[in-house]
Every structure is written in C-alpha cells, then in structure tokens.
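Asks: mind folding the following:
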Amino acid sequence: QVQVVESGGGLVQPGGSLRLSCAASGSIDTIYIMQWHRQAPGKQRELVAHINNNNGGTTYADAVKGRFTITREYAKNTVYLQMNNLKPDDTAVYYCYLSIRPQESSKPSAYWGQGTQVTVSA
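Replies: Sure, this is the predicted structure:
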C-alpha cells in the first residue's frame, strides 16, 4: 500500500514565501512523475508544476514561472514546491500528484495528496 502525505502551507503576506512538501511511502517500486496542482474557490484544479522523477526535467504554469520551484529528493520519495513572491491570486488548496507503480502492480497508478491550504493576504 502507498501513502502520500503533504505538509506546509498556511497564511502568508503578499511577497512572502512558503515551501510545500509531499512524501510518498509504502510499497513503492517506481515514481514516474511528481506534480503540484492547485484549486482556488470557484475554479477548476490547475497544474502548477511538474517534475520528471527520472531525469529531473521541470515545467511550470505561466502564472508561477520565475516564482515557484519544484524539486525532489529521489532517495526520500519526496517532492517540494518552493513558492516565492507570493500573490493573492496564489491563494488556493495545493495538491501533490504522483504517478507511482506499487511493488505489487505491473502498472502505475495516480496518487493525490490530501491538499494543503495556502492563503496569501495582508
């Protein structure tokens, strides 16, 4: 069984920084991709950042380029989202998404974190 747990988030003033963490544990064989998504009130969930766990390649939504950085610790099965120069429009619930092949399976499955609230307000 695979578990995915997020941490971080909270209330920050505009221009501030936060770091989110997402750790996977359990019977993991391979993690293929790691992503961060967010969902603001009344809006659809959107992809914020993506990292290929094999080669470290990254992509970002235009709205966060230059401000957010996604990284991972391969040995710890953990992905991070460093968020700098936060704006009120970044207020949302942030979710990590991992594509993981469990040890007992021949195919990868999707795993979501529980979500963490990020609020940017003065």
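
Asks: report the separation between the residue nearest the centre of the chain and Lys107.
Replies: With the centre of the chain defined as its mean C-alpha position, the nearest residue by CA atoms, centre = their mean is Trp36, 2.9 Å away. Separation of Trp36 from Lys107 (CB to CB, to the nearest Å): 23 Å. Quick note: C-beta positions are derived from backbone N, CA and C, even for glycine.

Asks: so which residues of the protein form strands?
Replies: Counting by DSSP state E, the chain has strands at residues 2-7, 10-12, 18-26, 28-39, 46-52, 58-60, 68-73, 78-83, 92-102, 109-112, 116-120.

Asks: deepest in the core, which of the ones you listed is it.
Replies: Among these, strand 78-83 has the highest mean neighbour count (mean count of other CB atoms under 10 Å), at a mean of 23.

Asks: for the record, mean pLDDT for that strand?
Replies: Summarised as a single mean, pLDDT over strand 78-83 is 98.

Asks: alpha carbons of that strand, as CSV, please.
Replies: As requested, the backbone C-alpha atoms of strand 78-83 are provided in CSV (Å, rounded to 0.1, in the frame of the first residue of the first chain):
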residue,chain,number,x,y,z
THR,A,78,9.6,13.5,-1.6
VAL,A,79,8.7,16.4,-3.8
TYR,A,80,8.8,20.1,-2.8
LEU,A,81,7.3,23.3,-4.1
GLN,A,82,9.2,26.4,-3.1
MET,A,83,6.9,29.4,-3.6
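
Asks: from now on call the first residue 774
Replies: With 774 as the first residue, the last one maps to strand 851-856.

Asks: so Ser798 sits right up against Leu871, yeah?
Replies: No. Between Ser798 and Leu871 no contact is recorded; they are 11.2 Å apart, counting by CB atoms under 8 Å.

Asks: which residues are common contacts for the two?
Replies: Listed as contacting both Ser798 and Leu871 by CB atoms under 8 Å, 6 or more residues apart in numbering is no residue at all.

Asks: got any ranges where this protein has weak pLDDT?
Replies: In the predicted model of the chain, no residue satisfies pLDDT under 70.
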